[in-house]
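J.: pasting a predicted model and its sequence here:
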Amino acid sequence: MKSLNMSSIHLYIIIVLVSFFSLAVYGQEKNDTIYKDSISNRMDDWFLTKIENDTMQIALDDIWLLPRMHFESEEARREYLITRRRVYKVYPFATLAADRLETVNDLLETLPNKQSRKTYLRRAQKFMREEFEDTLKNFTRSEGRILFKLIHRQTGYTTYELVKEYRSGWNAFWYNTAASVYDLTMKQKYDPYNEKEDYYIEDILQRAYGNGRLEEQEPAIPINLREIYESWH
């Protein structure tokens, strides 16, 4: 197997991600619907206001007060800040992947045969490559690794599993082999209970949700914040 240069690994990341992001480009867009009635309104996902007979009741959701982060060294604090910048950059792509996965599964069920599905995927891939290639090719190795982790967090599947399902087992094997040359694995899972980088990522996400820096999307894998923080404090 030939050795790969850095531009090659960028190409493989592009192929992997565009292959997946492309799946739902021709599907119908889902619009979030907010249901309201004269009795209750949901506001900011933090409280529910109910007015009956001139009495106001406020039912509060559970609110986590995140513990202050403690770093064993200045180098660790610096790594946290670098990780935060990377998370801010790649998280939108992970949530996009989760949205597309749901849409494509619904859409593929409506197509009559294997050939129509292959035609759809081929056309969609070309369209999405043109849309995303310039952005994805600028991802660094570290950003690619974090993206693979976040895709697992948001979809419940590793990038390897997604490519294997929607492309082929051979493509998934080959892409993963290529990625491993630069210490990337498409089989990367998200484990904030045991991996320090993932713990940093989860803390960064929770704080970003709270201050509005990132829009929260429900993770596809179980996340128990109490257990995560207790395992690192």
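T.: Great, that's in hand. Residues are numbered from 1 along each chain as shown.

J.: in PDB, list the C-alpha atoms belonging to stretch 138-154.
T.: Extracted C-alpha coordinates of stretch 138-154, given in PDB (Å, rounded to 0.1, in the frame of the first residue of the first chain):
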ATOM      1  CA  ASN A 138      -9.600  22.300   5.700                       C
ATOM      2  CA  PHE A 139     -10.100  20.000   8.700                       C
ATOM      3  CA  THR A 140      -7.000  19.000  10.600                       C
ATOM      4  CA  ARG A 141      -6.300  15.500  11.800                       C
ATOM      5  CA  SER A 142      -7.400  16.400  15.300                       C
ATOM      6  CA  GLU A 143     -10.600  18.000  14.000                       C
ATOM      7  CA  GLY A 144     -11.300  14.900  12.000                       C
ATOM      8  CA  ARG A 145     -10.800  12.700  15.100                       C
ATOM      9  CA  ILE A 146     -13.200  14.800  17.200                       C
ATOM     10  CA  LEU A 147     -15.800  14.800  14.400                       C
ATOM     11  CA  PHE A 148     -15.700  11.000  14.200                       C
ATOM     12  CA  LYS A 149     -16.300  11.000  18.000                       C
ATOM     13  CA  LEU A 150     -19.200  13.400  17.800                       C
ATOM     14  CA  ILE A 151     -20.800  11.600  14.900                       C
ATOM     15  CA  HIS A 152     -20.900   8.500  17.200                       C
ATOM     16  CA  ARG A 153     -22.400  10.700  20.000                       C
ATOM     17  CA  GLN A 154     -25.100  12.100  17.800                       C
END
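
J.: that stretch: which residues count as buried?
T.: Neighbour counts over stretch 138-154 (16 or more other CB atoms under 10 Å) mark 139, 143-154 as buried. Using the backbone N, CA and C atoms, a C-beta is placed for each residue, glycine as well.

J.: what do you get for stretch 151-166?
T.: Of the residues in stretch 151-166, those buried (16+ other CB under 10 Å) are 151-155, 157-164, 166.

J.: quick revisit: need the buried residues of stretch 138-154 in CSV with distance to residue 214, secondary structure and pLDDT, can you?
T.: Below are the buried residues of stretch 138-154 laid out as CSV (distance: CB to CB, whole Å; DSSP: H, G, I helix; E, B strand; the rest coil; pLDDT from 0 to 100):
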residue, distance to residue 214, secondary structure, pLDDT
139, 18, coil, 86
143, 15, helix, 92
144, 19, helix, 87
145, 19, helix, 92
146, 13, helix, 94
147, 14, helix, 91
148, 18, helix, 91
149, 15, helix, 96
150, 11, helix, 96
151, 15, helix, 92
152, 17, helix, 95
153, 13, helix, 97
154, 12, helix, 95
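
J.: can you give me the end-to-end distance of stretch 101-114?
T.: 18 Å (CA to CA, to the nearest Å).

J.: which of the residues in that stretch are buried?
T.: Buried, per 16+ other CB under 10 Å, within stretch 101-114: 101, 103-104, 107-108.
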